[in-house]
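give me coordinates for this.
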Amino acid sequence: MASFNLKGMGVALVTPFKEDKNIDLDALDRLLDSLVEAKVDYIVVLGTTGETPALFPEEKQLIKNRVRHRISGRIPLVIGVGGNNTMAVVDELKKGDFDGFEAVLSVVPYYNKPSQEGIYQHYKSIAEASPLPVILYNVPGRTGVNMTAETTLRLARDCDNITGIKEASGNFVQIEEIIKNKPETFQVISGDDGITYPLMTLGAVGVISVIGNALPKEFGRMVRLCLDHKFDEALKIHFKFTELFNLMFVDGNPAGVKCALNALGMVSNELRLPLVPTRLSTNEKIHSLIAALR
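Numbering: from 1, shown residues only. Presented below is the predicted three-dimensional model:
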């Protein structure tokens, strides 16, 4: 099975809602068109930033259909397929419709806190079932358990169609160990906008970005400069974003980026419970920073 090239900036797509909390398909189209115009490297559909836990199955299918129709092959698409019931994830991979998608992003099982052996066996089952290359996703702040470097490297060596990892542990020692000891074809990407620059100086090949929804050209330029080893130029852009990185997540994700998108006139500032919009103070700061960065 061919691998998937993770180099550059992928964007973790938000799900726009109307005031009545129904999906805003027109806003979704506008957002997708802006990402095409900005020439992002790929788009991740139905991930955490898309508020997937709050979507009904028929809505997920609606989004899949809308995105692949609107993109129509212009940008590679990755789809989130994960969970804490391994058999259910395997069943979805075997029976699901993945036409138009080039890879699967699958999160470490959450809530039931498996051991490292359990995590390994979970992903091994997924790798065997998946018709597409698999990207691991380690985000212990959300899942309640960290996938160690040892487990990641074991999977990278044992499973041919596990193509890379989105690392959002924030543990530089762990991520550096993966980068240093991984197979040559296995790719490491940042799962956190704020540490993309330092991780790319260590050898990470890119990011799956939240802020890229709102500022794809600006943040994408930093990523491309890093890929070209122009780290001095990239650092200047990184510093411009530092305050916004913090504001994006202080009230949770995707509340921050939806506030930013609202400031740009792209989407309504609507989330589905249990998520709520940013506080007024955060909202005002984000609006001010977006104006300055643009």
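
neighbours around I63, how many?
Other residues within reach of I63, judged by other Cβ atoms under 10 Å, total 21. Using the backbone N, CA and C atoms, a C-beta is placed for each residue, glycine as well.

which residues touch the helix or strand containing it?
Per DSSP states H and E: I63 is located in helix 57-71. Helix 57-71 has contacts (Cβ atoms under 8 Å, 6 or more residues apart in numbering) with 13, 15, 23, 25, 28-29, 32-33, 36, 43, 45-46, 50, 52, 55, 77, 79, 97, 99-101.

buried stuff in the following helix or strand past that helix?
Next helix or strand after helix 57-71 toward the C-terminus (DSSP H and E): strand 77-80. Under the neighbour-count criterion of 16 or more other Cβ atoms under 10 Å, strand 77-80 has 77-80 buried.

let me know the closest of those residues to N269.
Ranked by distance to N269 (Cβ to Cβ), these are led by G80 at 23.2 Å.

the stretch 51-200 of the chain: strands as residue ranges?
77-80, 103-107, 134-138, 162-167, 187-190 (DSSP state E, counting those that start in this stretch).

which one of those strands lies nearest to I179?
For the strands of the stretch 51-200 of the chain, proximity to I179 was assessed by Cβ to Cβ; strand 187-190 is nearest, at 5.2 Å.

quick one: mean pLDDT for that closest one?
Summarised as a single mean, pLDDT over strand 187-190 is 98.

dump that strand to PDB, restricted to CA.
What follows is strand 187-190, C-alpha atoms only, in PDB (Å, rounded to 0.1, in the frame of the first residue of the first chain):
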ATOM      1  CA  GLN A 187       6.600  10.900   9.100                       C
ATOM      2  CA  VAL A 188       6.200  12.900  12.200                       C
ATOM      3  CA  ILE A 189       3.900  15.900  12.200                       C
ATOM      4  CA  SER A 190       2.900  18.400  14.900                       C
END
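
just give me the longest helix of this structure.
helix 231-250 (DSSP state H).

just how off-centre is that one within its chain?
18 Å (Cα atoms, centre = their mean, to the nearest Å).

list the buried ones in stretch 193-210?
193-200, 204-210.

actually stretch 132-141, not the one I typed
132-139.

can you tell me which of those residues is closest to G8?
I135 (13.8 Å).

report the beta-bridge partners for the closest one.
L105, G164 (DSSP bridges).

and it, how far from P198?
21 Å (Cβ to Cβ, to the nearest Å).
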